[in-house]
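**Student:** can you look at this prediction? I've put the sequence above it.
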Amino acid sequence: QVQLVESGGGTVQPGGSLRLSCASSGRMSSVYAIGWHRQAPGKQRELIGAIKPSGITIYVDSFKGRFTISRDDAKNTVYLEIADLKSEDTAIYYCNTGYRDGNIWRWVGTWGQGTQVTVAS
């Protein structure tokens, strides 16, 4: 089974930017999308958006604008770029494979450890 590993987190000042990586241990699926999620302290994990094998991206409304998902199939990696970071972006960021079932996303991979992003001055 292909594993996804998140990296690129760190401590960033407000207003800064960051690019997170989600590296696959093997060739990325030609069927499943890869979604980025985050879990802030004391909150449930939430979906940011996803990118399909075709490269089409879908974002949750509240994340449109500052968050950009892209993929590099040659590197078997999906990226999440976050611009104009705010303190409320402090969270652990995860990626996972999944598919859309009607209006519901179903995540089928194993959740990794994620990568911590801390926004602080």
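**Tutor:** That came through, no problem. Given the structure is predicted, the values throughout are model-derived calculations rather than measurements.
**Student:** secondary structure element holding the residue nearest the centre of the chain?
**Tutor:** The centroid of the chain falls nearest to W36 when counting by CA atoms, centre = their mean (2.3 Å). Assigned by DSSP states H and E, W36 belongs to strand 33-39.
**Student:** and that strand, which strands flank it?
**Tutor:** Strand 33-39 has the following strand partners under DSSP bridges: strand 46-51 (antiparallel), strand 91-101 (antiparallel).
**Student:** mind listing what's buried along the last one?
**Tutor:** Taking 16 or more other CB atoms under 10 Å as the neighbour-count basis, strand 91-101 is seen to contain the buried residues 91-99. Any C-beta I mention is one placed from the backbone N, CA and C, and that applies to glycine too.
**Student:** same check on stretch 111-121?
**Tutor:** Under the neighbour-count criterion of 16+ other CB under 10 Å, stretch 111-121 has 114-115, 117, 119 buried.
**Student:** beta partners for the closest residue in space to C22 that isn't next to it in sequence?
**Tutor:** Nearest residue to C22 in three dimensions, chain neighbours excluded: C95, at 3.5 Å (CB to CB, 6 or more residues apart in numbering). Here C95 sits in beta bridges with W36, as judged by DSSP bridges.
**Student:** quote the end-to-end distance of stretch 1-15.
**Tutor:** 38 Å (CA to CA, to the nearest Å).
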